[in-house]
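>>> Fold the stuff below for me.
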Amino acid sequence: MPKVIGCSQTVVDHEGLVINELSGNVATKDDTCSIGYVTVSEPTSEPWLTLDYDEYICLKKGLMELHYVDDGSEKCLKMKEGDTAFIARGERFRPVFPEGGTEYIPVCIPAFKPERCHREEGNDSAVTKKLLELHEEEETPTPKNDDVKDIIYHMCQKKLW
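Numbers count the residues shown, from 1 in each chain. Reported below is the predicted structural model:
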């Protein structure tokens, strides 16, 4: 049955970059994946990032550059409206937004957590402090053994049981 599982939460609002989490550890208290909606109102960039999750970036509007190092030299993947990029777990990259009016949808598997996103700006930045604060509240209780129930899912028609 369909159900509402949470609502959009603004997790970053800094220097023209606004990230609204639609699903994930803050918006829905679910670590399976996170889905965001990002708007960039003026040219900006993020620091170099190394992720402990896979990320898909779906560019809806504007331009985006993904800087990375390959064979010792910096390279740049230029994305245009409608492109989707994949960043594998463990890759180091830097998102750059050369113009305002950019919008994209990031999907992270598993969901974003500050300890899974290594930002090369230190823990003193306003963005990092805000993310750590938002994710402190997300502690999900570990079920006790007597709370765990065995569940059997049948993957065939009932008449074949």
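
>>> Just the endpoints, please. Distance across stretch 35-49?
Terminal residues of stretch 35-49 lie 18 Å apart, using C-alpha to C-alpha, to the nearest Å.

>>> May I see the buried residues of that stretch?
By 16 or more other C-beta atoms under 10 Å, the buried positions in stretch 35-49 come out as Ile35, Gly36, Tyr37, Val38, Thr39, Val40, Thr44, Glu46, Trp48, Leu49. Every residue, glycine included, has its C-beta placed from N, CA and C.

>>> Looking at the fourth one now. What's its pLDDT?
What that stands for is Val38. pLDDT recorded at Val38 is 97.

>>> and the helix or strand harbouring it, how far from the chain's centre?
Assessed by DSSP states H and E, Val38 sits inside strand 34-40. Here the centre of strand 34-40 is set off from its chain's centre by 8 Å, with C-alpha atoms, centre = their mean, to the nearest Å.

>>> So what touches that strand?
Here strand 34-40 makes contact (C-beta atoms under 8 Å, 6 or more residues apart in numbering) with 8, 11, 16-25, 27, 62, 97, 100-108, 111-112.

>>> Now the following helix or strand past it: average pLDDT?
Following strand 34-40 in sequence order, the next helix or strand is strand 44-45 (DSSP H and E). For strand 44-45, mean pLDDT rounds to 93.

>>> Show me the strands paired with strand 44-45, marking each as parallel or antiparallel.
Partners of strand 44-45 in the sheet, by DSSP bridges, are strand 92-97 (antiparallel).

>>> Can I get the partner strand in PDB, CA atoms only?
Extracted C-alpha coordinates of strand 92-97, given in PDB (Å, rounded to 0.1, in the frame of the first residue of the first chain):
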ATOM      1  CA  ARG A  92      37.700  11.300  -5.700                       C
ATOM      2  CA  PHE A  93      36.100  14.200  -7.600                       C
ATOM      3  CA  ARG A  94      35.100  17.800  -7.300                       C
ATOM      4  CA  PRO A  95      31.700  19.200  -8.500                       C
ATOM      5  CA  VAL A  96      32.000  22.600 -10.100                       C
ATOM      6  CA  PHE A  97      29.000  24.700 -11.200                       C
END
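
>>> That'll do, ta.
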